[in-house]
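*Asks:* Give me coordinates for this.
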Amino acid sequence: MEGRKQIPISVRNIVVSQRKEGKSYGEISKIVKISRATVQTILRNYRETNSTENKPRTGRPKKLSRHDVSSLLKEVKRDPKLSAPKLAEHLQNCCNVTVTSRTVINVLHDNGFKSRVARKKPLISAKNRKLRLEFARAHLNKDVDFWKRVIFTDESKFNVFGNDGRSKVWRKPNTALDPQNIIPTVKHGGGSVMVWGAMASSGVGRLVFVEGNMDRYQYKNILEHNLKASVDSLCLGNQWIFQQDNDPKHTAHVVRDWLLYYAPRQLNSPPQSPDLNPIEHIWDVLDKKVRKYDISSRETLKTALIRAWSEITPDITENLVNSMPRRLQAVIDAQGGPTKY
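*Replies:* Residues are numbered from 1 along each chain as shown. Okay, here's the model as predicted:
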């Protein structure tokens, strides 16, 4: 519960002076626009202390001075990933003051900072920010029918033993995507089963397990045997559009030559843009689903992935594809930087 609002000392002084001039409690209340009871309290305190200043407060004195708090907040802003014990150690070293981690946490809470799990987002270069911005502006006004014709594809790795690798940061509300509050990531970090998959607004296509390190020839082979089959099963018609990112194996000559003949309508996402490919969300859904099973080997992981893939319904994929205009607008709003997607 919030504390009572304090009456400014200047107002208290007016109350006292008006009373000395013979004004009644009610008259003073109307002049300074406070309640009659508050006027009475101010005058009672004045009679007891002969002052309009606040009474000396009782209770335990604060452990940290204003300078100490300022130093603590400055350190948190410099590195939001520091733990409470580390921040307490900082105060000991810089200000020669010893406090517990609980005190540090309380002070940070009082100043609007909460401990939150840092979001993992791609570390986007200035060049790729520009490319993302150009892509978003070029496709922002595409209608729903355009996005319904797109088949989104991607690869992902899944760990046999899941590990979310969560790190916490001290941050204020609505600052989750500030650069200092995110964990930069690179694609395919760790894992033991790699898959290629496809999806469209109408549902998911094929899920293919990739053996070994996928090169341009294996990627082309996957497209040859699974892309058109996915298009047909998703009922995309003859005007479908193939989406992929700019991974080197995707842009290799042997792949580009094949695509020119078999997938002439293409949508190539800019680098470092998982937020512009809805299938990335499907990978997250898959990972959460498979963690409900007892995964002890690559084979049990594959079985769980197949089962989880079959449980993804068209309403999920439709909602994801319908979010494309919002995703593009978010990229524009972030000037090409990371978004919440």
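
*Asks:* Beyond the helix or strand of the chain with the lowest mean pLDDT, next helix or strand please.
*Replies:* Within the chain, confidence by mean pLDDT, DSSP states H and E is lowest for strand 182-185 among all helices and strands, at a mean of 60. Note on strand 182-185: by DSSP states H and E, the next helix or strand toward the C-terminus is strand 193-200.

*Asks:* which other helices and strands contact that following strand?
*Replies:* For strand 193-200, the packing partners by 3 or more C-beta pairs under 8 Å, 6 or more residues apart in numbering; DSSP states H and E come out as strand 150-158, strand 203-210, helix 216-233, helix 279-290, helix 298-310, helix 314-322. From N, CA and C alone the C-beta is placed, and that goes for glycine too.

*Asks:* Okay, now the sheet partners of the second one, with direction.
*Replies:* Sheet partners assigned to strand 203-210 using DSSP bridges are listed as strand 193-200 (antiparallel).

*Asks:* Contacts only, for residue 52.
*Replies:* Contacts for residue 52 (C-beta atoms under 8 Å, 6 or more residues apart in numbering) come out as 9, 12, 13, 16, 42, 45, 46.

*Asks:* where does it fall, phi/psi-wise?
*Replies:* In this entry, residue 52 is assigned phi and psi values of phi -100, psi 0 (degrees, to the nearest 10).

*Asks:* And it, how far from residue 237?
*Replies:* Using C-beta to C-beta, to the nearest Å, we find residue 52 at a distance of 80 Å from residue 237.

*Asks:* Next, count neighbours for residue 327.
*Replies:* For residue 327, the neighbour count with other C-beta atoms under 10 Å is 20.

*Asks:* wouldn't it be in contact with residue 277 here?
*Replies:* No: counting by C-beta atoms under 8 Å, residue 327 does not reach residue 277; the two are 9.1 Å apart.

*Asks:* Got the domain ranges for the chain?
*Replies:* Per the record, the chain has its domains at 9-49, 66-111, 126-334, by the TED database.

*Asks:* need those domains in TSV with distance to residue 118, can you?
*Replies:* Converted to TSV, the domains of the chain look like this (distance: least, C-beta to C-beta, whole Å):
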stretch	distance to residue 118
domain 9-49	44
domain 66-111	7
domain 126-334	5
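
*Asks:* Below-threshold pLDDT in the stretch 101-250 of the chain: ranges please.
*Replies:* The stretch 101-250 of the chain contains residues with pLDDT under 70 at 119-122, 161-167, 183-191.

*Asks:* residue ranges for the strands of the stretch 1-150 of the chain, please.
*Replies:* 114-117, 119-122, 150-158 (DSSP state E, counting those that start in this stretch).

*Asks:* Among those strands, show me which one is buried the most.
*Replies:* Mean neighbours per residue, mean count of other C-beta atoms under 10 Å, is largest over the strands of the stretch 1-150 of the chain for strand 150-158, with a mean of 23.

*Asks:* which strands and helices sit next to the helix or strand that it is followed by?
*Replies:* For strand 150-158, the following helix or strand on the C-terminal side (DSSP H and E) is strand 168-171. In terms of contacts (3+ C-beta pairs under 8 Å, 6+ apart), strand 168-171 is packed against strand 114-117.

*Asks:* Provide the strand pairings for the strand it packs on, with the direction of each partner.
*Replies:* Sheet neighbours of strand 114-117, with direction, are listed as strand 168-171 (antiparallel) (DSSP bridges).

*Asks:* so how far is residue 330 from residue 208?
*Replies:* For residue 208 relative to residue 330 (C-beta to C-beta), the value is 30 Å.

*Asks:* nope, residue 307 is what I meant
*Replies:* Taking C-beta to C-beta, one finds residue 307 at 32 Å from residue 330.

*Asks:* Settle it for me: which of those two has more neighbours?
*Replies:* residue 330 (19 against 12).

*Asks:* okay if I get the helices and strands packed on strand 193-200 as TSV plus distance to residue 172?
*Replies:* Conversion of the helices and strands packed on strand 193-200 to TSV gives the following (distance: least, C-beta to C-beta, whole Å):
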stretch	distance to residue 172
strand 150-158	33
strand 203-210	39
helix 216-233	44
helix 279-290	26
helix 298-310	36
helix 314-322	30
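
*Asks:* Single out the most deeply packed of these.
*Replies:* Of all the helices and strands packed on strand 193-200, strand 150-158 carries the top mean neighbour count, a mean of 23, counting by mean count of other C-beta under 10 Å.

*Asks:* strand partners of it, parallel vs antiparallel please.
*Replies:* Counting by DSSP bridges, strand 150-158 is paired with strand 193-200 (antiparallel), strand 241-244 (parallel).

*Asks:* thinking again about what came up before, figure out which of the strands of the stretch 1-150 of the chain is closest to residue 203.
*Replies:* Residue 203 lies closest, by C-beta to C-beta, to one member of these: strand 150-158, at 10.7 Å.

*Asks:* distance between that closest one and the chain's centre?
*Replies:* 21 Å (C-alpha atoms, centre = their mean, to the nearest Å).

*Asks:* before we move on, the earlier item: could you dump the strands paired with strand 150-158 to a markdown table with mean neighbour count?
*Replies:* As requested, the strands paired with strand 150-158 are exported to a markdown table (neighbours: other C-beta atoms under 10 Å):
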| stretch | mean neighbour count |
| --- | --- |
| strand 193-200 | 24 |
| strand 241-244 | 22 |
